[in-house]
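Engineer: have a look at this prediction, sequence included:
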Amino acid sequence: MISKLLKKNEKGFTLMEMLIVVAIIAVLIAIAIPTFTASLNKAKVATDEANIRAGYASAMAELIAGETDVADGATLYLQKDGSVAATGTNDYTCQGKPGADVEIAGQSVAAWDKGHKVVYTFDAAANHFAISTEAGN
């Protein structure tokens, strides 16, 4: 009979154990969110770089093929479909924000902000397009 009285009720978790588990989960989440956000931005910047590089190739292809009349200082904008156009309502806007200048197609492109448009400006002396970005609408 005494052994029954001394036996404790050991079902479930105590409040302190539950609070410790919740605190550990909160710390793990606090570490994971910034890491995930940085990785997501890195992926967006890599996508932007690939799209800018493809647009540069498209602009140079049009120049070489003579499909576009390009005068010195003429600007072309990258479109969402990967083509380039002098003006348009379908302009591509950058999704990421690099921390520093980026090397694309042998040129240093100044770091851009999310939402910037990609601009290719023709330089007749060098016979190529300079790549830059400008604030979008």
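Structural biologist: Received, thanks.
Engineer: where do the helices sit along this structure?
Structural biologist: Listed in chain order, the helices found in the chain under DSSP state H are 2-6, 15-65.
Engineer: contacts for stretch 120-133?
Structural biologist: Under the contact criterion CB atoms under 8 Å, 6 or more residues apart in numbering, stretch 120-133 has outside partners 52, 55-56, 59-60, 63, 70-78, 84, 94, 104-105, 107, 109-110, 112, 116-119. C-beta here means a position set from N, CA and C on the backbone, and glycine is covered the same way.
Engineer: please apply the same query to stretch 53-66.
Structural biologist: For stretch 53-66, with CB under 8 Å, 6+ apart as the criterion, the contacting residues are 68, 70, 76, 78-79, 82-84, 92, 104-105, 118, 120, 122, 128-129, 131.
Engineer: in strands only, show me those.
Structural biologist: Among these, the members falling in strands (DSSP state E) are 76, 78, 84, 104, 118, 120, 122, 128-129, 131.
Engineer: give me the number of residues near the closest residue to residue 48 other than its chain neighbours?
Structural biologist: Taking CB to CB, 6 or more residues apart in numbering as the measure, residue 48 lies nearest to residue 94, with 4.7 Å between them; neighbours along the chain are not counted. Each residue near residue 94 was counted by other CB atoms under 10 Å, and the total is 23.
Engineer: and the closest residue to residue 111 other than its chain neighbours, what are its phi and psi?
Structural biologist: Sequence neighbours aside, residue 98 is the residue nearest to residue 111 in space, at 4.8 Å (criterion: CB to CB, 6+ apart). When read as degrees, to the nearest 10, the backbone of residue 98 gives phi -70, psi 150.
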